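**Q** Provided below for reference: sequence and predicted model.
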Amino acid sequence: MRRLAAIEYRFLELALAMLVVLNGISITSRYLFRHALGELFEVMILGGIAVYWVAIATAEREKAHLGVDSLVMVLPRQLQRITRHLRMAVIAAFYGVVIFSGILLVLRQMSSGATAGLLDLPLWTVAIFMPIGAALALWRSLTQVDTVPGPTGVGKI
């Protein structure tokens, strides 16, 4: 698992660095040379989509999601457990919808041969990150269902 985490971090670090460099090149070409590079903008948009879905799964593993733990922590222990399971049900439903619609999107893009405008890149090669990232995030969410943050870190309810 640590090896997978290291690969994820390296992918995200390199992808973010690449997007920052590409953005710098785009800004330089647009404002200094008065020539916008449309292909570069398209690469940044499509790359950002892929990075987004991998980052969601990574954030889920790190328990770096936004939440209202301060409100939940004032509830009685039994209500804390109920709200955490309710939260997990909502998260699972959301990721389930994203996985299902993402698979449909990829299949439609593959069958139609849809490509990115300027790059002529098959769109499914980017859209595939959506169901994969959501499935990984769902799996990570479900494996952490019985843990709650506490004053010293993560503990069991």
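**A** Perfect, thanks for sending it. Residues are numbered from 1 along each chain as shown.

**Q** all contacts plus neighbour counts: C-alpha atoms, from now on.
**A** Noted.

**Q** does Ala127 touch Leu105 like I think?
**A** Yes - using Cα atoms under 8 Å, Ala127 is in contact with Leu105, at 7.3 Å.

**Q** which strands and helices lie in contact with the helix or strand harbouring Ile7?
**A** Ile7 is located in helix 2-31, with elements delineated by DSSP states H and E. Judged by 3 or more Cα pairs under 8 Å, 6 or more residues apart in numbering; DSSP states H and E, helix 2-31 is in contact with helix 38-61.

**Q** where does the prediction get shaky in this structure?
**A** Filtered on pLDDT under 70, the chain yields the residue ranges 1, 65-68, 145-157.

**Q** for it, longest helix please?
**A** The longest helix of the chain (DSSP state H) is helix 77-112.

**Q** helix or strand next in line after that helix, which one?
**A** Beyond helix 77-112 on the C-terminal side, the first helix or strand identified by DSSP H and E is helix 124-127.

**Q** mind exporting the helix or strand just after that following helix as PDB, just the C-alpha atoms?
**A** Using DSSP H and E, the helix or strand that follows helix 124-127 in sequence is helix 129-143. The C-alpha trace of helix 129-143 is given here as PDB (Å, rounded to 0.1, in the frame of the first residue of the first chain):
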ATOM      1  CA  PHE A 129     -10.200   8.900 -14.800                       C
ATOM      2  CA  MET A 130     -13.700   9.700 -13.600                       C
ATOM      3  CA  PRO A 131     -15.000   6.200 -12.800                       C
ATOM      4  CA  ILE A 132     -11.500   4.900 -11.800                       C
ATOM      5  CA  GLY A 133     -10.900   7.800  -9.400                       C
ATOM      6  CA  ALA A 134     -14.500   7.500  -8.000                       C
ATOM      7  CA  ALA A 135     -14.200   3.800  -7.500                       C
ATOM      8  CA  LEU A 136     -10.900   4.100  -5.700                       C
ATOM      9  CA  ALA A 137     -12.300   6.900  -3.500                       C
ATOM     10  CA  LEU A 138     -15.400   4.700  -2.800                       C
ATOM     11  CA  TRP A 139     -13.300   1.700  -1.800                       C
ATOM     12  CA  ARG A 140     -11.200   3.900   0.500                       C
ATOM     13  CA  SER A 141     -14.300   5.500   2.000                       C
ATOM     14  CA  LEU A 142     -15.900   2.100   2.700                       C
ATOM     15  CA  THR A 143     -12.700   0.700   4.300                       C
END
